[in-house]
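Visitor: after the sequence you'll find the predicted model.
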Amino acid sequence: MSARLTPLPLTTLVTTDLTGITRGRSFPTDELEHYQATGCGWVPANSALTPQGAIASSSPWGAYGDLRLIPDLASRVTLSNGPDADAPALDFFHCDLRQTDGSPFGACPRTVLRDELQRYRDQLGLQVNAAFEHEFTLHAGCAGHQPFSLQAQRQAAAFAGWLLGALRAGGVEPEMFLPEYGTHQYEVTCRPTLGVAAADRAVNVREITREIGRQMGLDLSFAPKTHAEAMCSGVHLHMSLLDLAGQPMLYDAGTDNGLSNLGQHWAAGILHYLPALCAFTAPTPVSYERLQPHHWSASYACLGQQNREAALRICPTVTLGGKSVATQFNLEFRAMDATASPHLAMAALLIAGRLGIEQRLALNAITDEVPDSLNDEQRKARGIVALPASLAQALDCLRDSAALNEWLPKPLLDSYHALKTEELALTEQLSPADLCEHYARLY
């Protein structure tokens, strides 16, 4: 008599690719030891997958080659239960893409970030502390709500409780779940962490949020704009620099805005290269429905103290309870959305900031006014430039940025341009409204 069949628990090795989509392969959890050192197979051409699921026709890889997904054993995320008692456990490891001999694969965004973080340690004596904030839309089967209201919070209370519990169980260290300005729009924040783990944590937030929504039968999307009349959803990346002993390096009480000399060069680098950086941080055609004036996102490369129209914002600090200003002090990058690869976007920003330090760039593009309210002459005098108005323009800016390209692996750049060219071709006939709905389904 045969034994009763029961489902096997599965563990997944994942990579979050150049389009910010998490992909991978699963195996029986009780065989984990077999996969720890050598991982599992992967295909180079997957690095040229568009969000639409097509491998770019001009991919540099074709049908050739093999890779391995090598798990980072410290990155494991496990959720044993959720609102659906019958749902299988969620269990995955973040992985690095490597050649079959173990050498790095040039189009792996996680490796690019790790390499840049190592340059910060070796060349600058710095480490990076960071956190990603995510806005998303959640349709909980109820009518629209008042912005920021308790009613909105209560409408999503069951989801929020499960989500924060799941995030905590997954090691994400959640801080807050809050209703946002838009109808059905919410935000989730988590505590900062050092290095690659910050970008891993961004992926964990997205995938755990999707898992809880899936188990509760709720429709949600991280797309920057889900329909023509919707409020825009962004990702805000908070970053601070520490020395190798853990002491904060961005703050100087003696300057007008609190930014240290090092911080000013770093911020200037990000702003200087921002038009090209948009190709990574606002990487889809629908991203540019959000990067417009008066959207509380960003449409100009400038720094503001308390200015939510600035691409880079000095975040407020509090002295209540005797809190240290220096340890709170951080910069918030606002020209990003969840169609971006967290690892690649963070790496590109750090490269730009490092170049700002090395080139000793001056920080001039500062305003606490809405940049669009300034005239052309005023913006020119302050060095404030407009961000690209489309993905095609952003990609052109990236191609023209020799200094930025020098620090990004050619296989990654070739894959990225191929897949983004394909993506533009696949979406060029869509109206703005159709574009929003298209990406709402994909993300």
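Guide: Everything's here; your move.
Visitor: quick one: contacts for residue 315?
Guide: Neighbouring residues of residue 315 by CB atoms under 8 Å, 6 or more residues apart in numbering: 238, 328-332. Where you see a C-beta, it was placed from the backbone N, CA and C, and this is true even at glycine.
Visitor: repeat that with 7 Å
Guide: Listed by CB atoms under 7 Å, 6 or more residues apart in numbering, the contact partners of residue 315 are 238, 330, 332.
Visitor: ok, it to residue 119 distance?
Guide: When CB to CB, to the nearest Å is applied, the distance between residue 315 and residue 119 equals 25 Å.
Visitor: part of a helix, is residue 165?
Guide: Yes. Residue 165 forms part of a helix when assessed by DSSP: H, G, I helix; E, B strand; the rest coil.
Visitor: quick one: secondary structure of residue 92?
Guide: For residue 92, the secondary-structure state derived from three-state DSSP is strand.
Visitor: which residues touch it?
Guide: Residues counted as contacts of residue 92 (CB under 7 Å, 6+ apart) are 11-12, 14, 24, 77.
Visitor: all helices for this structure, in order.
Guide: With DSSP state H applied, the chain shows helices at 32-35, 109-119, 150-155, 157-169, 196-216, 261-272, 274-281, 325-328, 342-358, 376-382, 391-400, 402-406, 410-427, 432-442, listed in chain order.
Visitor: mind saving the C-alpha coords of the first one as PDB?
Guide: Output for helix 32-35, consisting of C-alpha atoms alone and laid out as PDB, is shown next (Å, rounded to 0.1, in the frame of the first residue of the first chain):
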ATOM      1  CA  LEU A  32      19.600  22.500   0.300                       C
ATOM      2  CA  GLU A  33      23.100  21.200   1.200                       C
ATOM      3  CA  HIS A  34      23.500  20.000  -2.400                       C
ATOM      4  CA  TYR A  35      23.000  23.500  -3.800                       C
END
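Visitor: number of nearby residues for the residue lying closest to residue 290 once chain neighbours are set aside?
Guide: On the basis of CB to CB, 6 or more residues apart in numbering, the spatially nearest residue to residue 290 that is not a chain neighbour turns out to be residue 232, at 3.9 Å. Counted with other CB atoms under 10 Å, the neighbours of residue 232 add up to 23.
Visitor: could you do residue 240 as well?
Guide: Burial of residue 240, expressed as a neighbour count using other CB under 10 Å, amounts to 22.
Visitor: likewise residue 305?
Guide: Residues contacting residue 305 under the criterion other CB under 10 Å number 16.
Visitor: quick one, what contacts it?
Guide: Residue 305 makes contacts with 257, 314, 368, as judged by CB under 7 Å, 6+ apart.
Visitor: likewise residue 288?
Guide: 282, 389-391.
Visitor: mind doing that once more with 6 Å?
Guide: residue 390 (CB atoms under 6 Å, 6 or more residues apart in numbering).
Visitor: look up how far residue 334 lies from residue 237.
Guide: Spatial separation of residue 237 from residue 334 under the definition CB to CB is 8 Å.
Visitor: repeat for residue 148
Guide: Look at residue 148 and residue 334: by CB to CB, they are 19 Å apart.
Visitor: residue 423 now?
Guide: Remark: distance between residue 423 and residue 334 (CB to CB) = 23 Å.
Visitor: same deal with residue 404?
Guide: For residue 404, the distance to residue 334 - CB to CB - is 20 Å.
Visitor: go on, residue 283?
Guide: In this view, residue 283 and residue 334 are 15 Å apart by CB to CB.
Visitor: look at those two and report which has more neighbours.
Guide: Neighbour count, other CB under 10 Å: between residue 283 and residue 334, residue 283 has more, with 26 against 23.
Visitor: one step back: give the ChimeraX command for selecting the buried subset of the contacts of residue 305.
Guide: Buried residues among the contacts of residue 305 (16 or more other CB atoms under 10 Å), as a ChimeraX selection:
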select :314
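Visitor: looking at the contacts of residue 305, which are in strands?
Guide: Per DSSP state E, strands hold the following members of those: residue 314.
Visitor: what is the nearest of the contacts of residue 305 to residue 338?
Guide: When the contacts of residue 305 are compared for distance to residue 338, the smallest value, 23.6 Å, is given by residue 314; criterion: CB to CB.
Visitor: pLDDT score assigned to the closest residue to the closest one other than its chain neighbours?
Guide: Setting aside the residues directly before and after it, residue 314 is nearest to residue 305 in space (CB to CB, 6+ apart), at 5.0 Å. The confidence metric pLDDT takes the value 86 at residue 305.
Visitor: same deal with residue 142?
Guide: According to the predicted model, the pLDDT of residue 142 comes to 65.
Visitor: for the one 5 residues further on, same thing?
Guide: pLDDT, residue 147: 86.
Visitor: and it, what are its phi and psi?
Guide: Torsion angles at residue 147 (phi, psi; degrees, to the nearest 10) stand at phi -60, psi 140.
Visitor: give the burial count for residue 116, as a bare number.
Guide: 22.
Visitor: same question for residue 268.
Guide: Per other CB under 10 Å, the neighbour tally for residue 268 reads 27.
Visitor: could you measure from residue 68 over to residue 15?
Guide: Look at residue 68 and residue 15: by CB to CB, they are 11 Å apart.
Visitor: who has more neighbours out of those two?
Guide: For the pair residue 68 and residue 15, the greater number of neighbours falls to residue 15 (26 against 21), based on other CB under 10 Å.
Visitor: who's the nearest residue to the more buried one once chain neighbours are set aside bridged to?
Guide: Leaving out its chain neighbours, the residue that sits closest to residue 15 by CB to CB, 6+ apart is residue 95, at 5.3 Å. Beta-bridge pairing for residue 95 (DSSP bridges): residue 71.
Visitor: switch to numbering from 674
Guide: That works, and once the first residue is 674, the last one we named lands at residue 768.
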